[in-house]
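Colleague: Below are the sequence and a predicted model for it; my questions follow.
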Amino acid sequence: MRANGGQIRTCRAVRGARAATLAAADSPGIDSAPMTTPPAVDLRSDTITRPTPAMRRAIAGAAVGDDVFGDDPTVLALEQRCAQLTGKEAALFVTSGTMGNQLAVNALTTPGDEVLLEAESHIFLYEQGGIAANSGCLAHIVRGARGVLAPEALAGALRAEDDHAARLTLVCAENTHNRAGGAIVPLERLRALHELARSRGVRMHLDGARLWNASVASGVPVPAWSACADTVMLSFSKGLGAPVGSILAGPADVVRRARRVRKRWGGGMRQAGILAAACLHALDHHVERLADDHARARTLADGLRECPGVTVAAPETNIVIAELAPPLEVEAVLESLQARGVRMVAFGPRRIRAIAHLDVDDDGIARAIEAFRGAVEALAEGPGR
Ligand SMILES: Cc1ncc(COP(=O)(O)O)c(C=O)c1O
């Protein structure tokens, strides 16, 4: 991994380039397109990023066609590039990470099947029971250490063929793991899980909404991760800064099935090249710079850890989780932060989450640390004292 200073310089260079392209714009209407004024420092998620001027130009210049007819050249280019990038036969552009995950479950199972999920996974916690509602599947949940599902968990969940029992046909992993604070699931653990799954006729899906972060932070390339699953979903609308879009990659027959179901669910898009262009731009310009976010997350964690009553583990990627000790209360800290121009989110009764991203620079991180310290100190003093 590059040295910290190098990472920060890279980000400054990106921001400098953004400013320069803005000044030299040949289509000022696009570059000065109205954006709502963001709060001072918004660390609620890496999904809040707004398209850069250069990304907006890529969107405006995109060649488009009707993608439901298979005519959109930019969507086709993105799908081909992502199939290659993940080492899979085919890829499908979808509106969201949730849709990519849900389509994977649908395409890899039949109603009544059981799906093994980590208890804190996005698919289990944050997709509205979609595997049951959309695909008639039953969730078999097992708690993993820092989001990691061990092969033993799969071995323990499998049952002998029996007409009374649901068939466990799919296991899903998540990397990086959101609720585990952006933890990277080690490659060898995923590989072992996948090998056991394959040997037992169970398919595997990887929720890689932030797989780019895992890849940049670990130096392990994306195809090595995606080889650990039949299907993989990656998002463009998180750290990569695109406004919309995720990709589902996998075997051609599975992606074909997902394409049909996407249409049934109303997810067939027409001139979607304007969205795919943003994703292609993000692939060209916003992957390596994720290292800047990781460096800033570490700086933020170091700063928050200094605050009395606050425990912060060292972040592995762009997510920082702060644990509060009584008398600090999550809602009170968040309110006080917001009053100081900084936004984070509740992530449990005593936990706050902050994510570093494209729209937050070094000054933003410094302001967030100062605001957090101010909030914690004011609340520790208590009212009227
Ligand atoms: C790990 C993970 N998977 C999937 C998703 C869903 O992505 P989307 O919000 O695009 O539906 C998220 C969203 O934050 C996520 O963190």
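Modeller: Perfect, thanks for sending it. Numbers count the residues shown, from 1 in each chain.
Colleague: Now do the residue nearest to residue 129 when sequence neighbours are not counted against residue 130, distance only.
Modeller: Leaving aside its sequence neighbours, residue 129 sits nearest to residue 139 (C-beta to C-beta, 6 or more residues apart in numbering; 7.9 Å). The way it works is simple: take the backbone N, C-alpha and C, and place the C-beta from them, glycine included. Here the distance between residue 139 and residue 130 works out to 10 Å (C-beta to C-beta, to the nearest Å).
Colleague: cool, residue 232 as well?
Modeller: 18 Å.
Colleague: Same check on residue 194?
Modeller: For residue 194, the distance to residue 130 - C-beta to C-beta - is 23 Å.
Colleague: When those two are compared, which one has more neighbours?
Modeller: residue 194 (22 against 18; other C-beta atoms under 10 Å).
Colleague: how far does the helix or strand that one falls within sit from the chain's center?
Modeller: Element membership of residue 194 [criterion: DSSP states H and E] is helix 187-199. The chain centre lies 22 Å from the centre of helix 187-199; the measure is C-alpha atoms, centre = their mean, to the nearest Å.
Colleague: which ones are touching the closest residue to the ligand within the stretch 1-150 of the chain?
Modeller: Nearest residue of the stretch 1-150 of the chain to the ligand (C-beta to the nearest ligand atom) works out as residue 97 at 2.5 Å. Going by C-beta atoms under 8 Å, 6 or more residues apart in numbering, residue 97 touches 122, 207, 209, 233, 235, 237, 238, 246.
Colleague: Take those and keep only those in strands.
Modeller: 207, 233, 235, 246 (DSSP state E).
Colleague: Isn't the first one up against residue 124?
Modeller: No: taking C-beta atoms under 8 Å as the definition, residue 207 is not a contact partner of residue 124, at 10.3 Å.
Colleague: Could you check which of the two has the larger neighbour count?
Modeller: residue 207 (31 against 19).
Colleague: give the contact list for that one.
Modeller: Residue 207 sits next to 97, 101, 121, 122, 123, 172, 173, 174, 175, 233 when contact means C-beta under 8 Å, 6+ apart.
Colleague: from those, which two are the most distant?
Modeller: Farthest-apart pair in those is 97 and 173; separation 14.2 Å (C-beta to C-beta).
Colleague: what phi and what psi does the backbone show at residue 331?
Modeller: phi -60, psi -40 (degrees, to the nearest 10).
Colleague: partners of the closest residue to it other than its chain neighbours in the sheet?
Modeller: Nearest-residue entry for residue 331: residue 346, 6.9 Å, with adjacent residues in sequence omitted and distances by C-beta to C-beta, 6+ apart. Counting by DSSP bridges, residue 346 is bridged to residue 352.
Colleague: Residue 346: how many residues sit nearby?
Modeller: Around residue 346 there are 13 residues (other C-beta under 10 Å).
Colleague: Ok, residue 61 next?
Modeller: Neighbour tally, residue 61, other C-beta under 10 Å: 12.
Colleague: and if you look at residue 136?
Modeller: When neighbours are counted by other C-beta under 10 Å, residue 136 registers 13.
Colleague: Over to residue 308?
Modeller: Count around residue 308 with other C-beta under 10 Å applied: 10.
Colleague: any weak-confidence spans in the stretch 251-385 of the chain?
Modeller: Applying pLDDT under 70 to the stretch 251-385 of the chain picks out residues 382-385.
Colleague: Tell me where it has strands.
Modeller: Applying DSSP state E, counting those that start in this stretch to the stretch 251-385 of the chain gives strands spanning 310-312, 319-324, 342-343, 345-346, 351-355.
Colleague: Repeat that for the stretch 51-200 of the chain.
Modeller: 90-94, 114-118, 138-142, 168-174.
Colleague: Run me through the strand neighbours of the second one, direction for each.
Modeller: Same thing as strand 114-118. Here strand 114-118 is paired, per DSSP bridges, with strand 138-142 (parallel), strand 168-174 (parallel).
Colleague: In contact with the closest residue to residue 63 other than its chain neighbours: list those residues for me.
Modeller: Counting by C-beta to C-beta, 6+ apart, residue 63 lies nearest to residue 73, which is 4.9 Å off, once chain neighbours are set aside. By C-beta under 8 Å, 6+ apart, the contact list for residue 73 reads 63, 64, 65, 273.
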